[in-house]
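# Okay, sequence plus prediction incoming.
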Amino acid sequence: MSRNAPTQIGVTAPDYDLTAASDVDYAGAFAGIAPEVREHQLAVRQFVQDEVLPVIDGYWERAEVPFDLVKGLAERDFLRDGVDVPGRPTVSLMAEGLASMEMSRGDGSVATVCGVQGGLALRSIVMHGSPEQIEQYAEPMARGEILGAFALTEPTHGSDSVSLETTAERTVRDGVEGYVINGEKKWIGFGSCGHITVVWARLVGDDGDNQVHGFIVPQDAPGYTGTTIEGKMSLRAIWQAHIVLDDVFVPADAALPGATSFKATSEVLFATRLSVAWAAVGHAIACYESALAYSTQRVQFGKPLAARQMVQERLTRMLSTVTQLQLLVARLTELAEKGELTGEQASLAKYTCTRGAREVASIARDMLGGNGILLANRVARHFADIEALHTYEGTESMNALIIGRDITGVSAFA
């Protein structure tokens, strides 16, 4: 080598391809699904590969809602999250679960868009609305022309949402019978950028029953203020809002006739809890896929990481957890399709799957070393989003108490 030749002190770091889809199902948990269910699953997976993964890091980093993807979800009939809409094909619970898994494997924010729009807001209207309300909102929501929010959680009432303080009172304004709603809500997806919000409020006043009722509230109604919550480190590509309802008037036909107690709210949440468990499985698969791909591409000490005993043990541990989660959600979804799933079993699914997903994400993040905190390598985004998933639709502690009460016969709720 010439004395004047520059000394090579390093090389450009390689690009790692960690987004390729794989069909992780080591125990054949989904081997017996119907062909149309498999077709639906693969259609969602293709959407994730072609539309979500190429752009989502940018939206996530900028904390922007990917409205173009929302439009794409609607065009492919994924936005309703499997909720029955008149005139549209029925989606089985297994197909809905697999779709949630595949969507979450792509991104938690995009999956949450479907969960908020379809699983919560649209489902509330379809389950508890009048025929006129269903006709007015269901199809436009499925098409993405009307974006909906679901406002239950309050700044001081999360786990004890049954004690919510937002009120509705019958009144007459300008000769129109209706309700005036006052209160605050927090962590409401699409609550600041949608069109309507399903607000859960306690009916008070001289002729109130002090029960929780549901109301369809236009977001442009006078007195409705939805402020986007900033500074989130999780689910950054969907906006959640702090909502203030200051003497918001809605006409009488804005009330959901079937939503006249907290039981109605619980029915909506029960229907979505299993979907959240499926979503956790999707996040876990994404982290496992990325770690496996990285281990075959990353070379250290002259060998790929995959050639190391410690790495193989970690990959096996991750696959073991993923497989257990898949078997659990597949079995409980079979029970749900028979109408035999209990609330406690749904809680067990959510409790187990979010805990398992956190474990898998943690191992994957560690396996990728410094590269594990880069958005381009996928794991960091899922690592952060799982934290939100672990909390909403019932925290770990609340689900544990639900299960504990069932297995002991003793309530330990404070």
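Looks like it arrived, so ask away.
# So which bits of the longest helix along the chain are buried?
If you go by DSSP state H, the chain has its longest helix at helix 262-297. By 16 or more other CB atoms under 10 Å, the buried positions in helix 262-297 come out as 262, 264-265, 267-295. C-beta coordinates here come from the backbone N, C-alpha and C atoms, glycine included.
# Which strands border the helix or strand just after it, and is each parallel or antiparallel?
For helix 262-297, the succeeding helix or strand toward the C-terminus, using DSSP states H and E, is strand 299-300. Using DSSP bridges, the strands paired with strand 299-300 are strand 303-304 (antiparallel).
# Run the chain-centre distance for the following helix or strand past the strand it pairs with.
Per DSSP H and E, the first helix or strand lying C-terminal to strand 303-304 is helix 309-337. Mean C-alpha position of helix 309-337 versus that of the full chain (CA atoms, centre = their mean, to the nearest Å) differs by 19 Å.
# Past helix 309-337, which element shows up next along the chain?
Taking DSSP H and E, what comes next after helix 309-337 is helix 343-367.
# what's the angle from that following helix to helix 309-337?
Angular relation of helix 343-367 and helix 309-337 on a 0 to 180 degree scale: 160 degrees, by axes from the mean of the first three to the mean of the last three CA atoms, to 10 degrees.
# quick one: low-confidence parts of the chain?
1-11, 158-161 (pLDDT under 70).
# Spell out the residue ranges of the helices in it.
35-47, 56-62, 67-75, 93-106, 108-114, 123-128, 131-142, 262-297, 309-337, 343-367, 379-391, 396-408.
# looking at those, which is closest to Ala241?
In terms of CB to CB, the element of those nearest to Ala241 is helix 108-114, at 13.4 Å.
# which non-adjacent residue is nearest the spatially most central residue of the chain?
Using CA atoms, centre = their mean, the residue of the chain that lies closest to the mean C-alpha position is Thr112, 3.5 Å off. Closest residue to Thr112 apart from its sequence neighbours, by CB to CB, 6 or more residues apart in numbering: Ile238 at 5.1 Å.
# Who are the contact partners of the one you found?
65, 109-110, 112-113, 116, 189-190 (CB atoms under 8 Å, 6 or more residues apart in numbering).
# And those residues, which two are furthest apart?
Val110 and Phe190 (13.0 Å).
# Ala237 and Asp68 touch, don't they?
No - applying CB atoms under 8 Å as the test, Ala237 and Asp68 come out as separate, 11.7 Å apart.
# the more surrounded of the two?
Using other CB atoms under 10 Å, the more surrounded residue of Ala237 and Asp68 is Ala237, with 27 against 11.
# Chain neighbours aside, what residue packs nearest to Ala291?
Ala364 (4.0 Å).
# just to revisit the earlier point, ok, now which ones touch the residue nearest to the centre of the chain?
With contacts defined as CB under 8 Å, 6+ apart, Thr112 is in contact with 189, 235, 238, 388.
# And the second one, how close does it get to Val91?
Yep, that's Leu235 we're talking about. Distance, Leu235 to Val91, by CB to CB, to the nearest Å: 24 Å.
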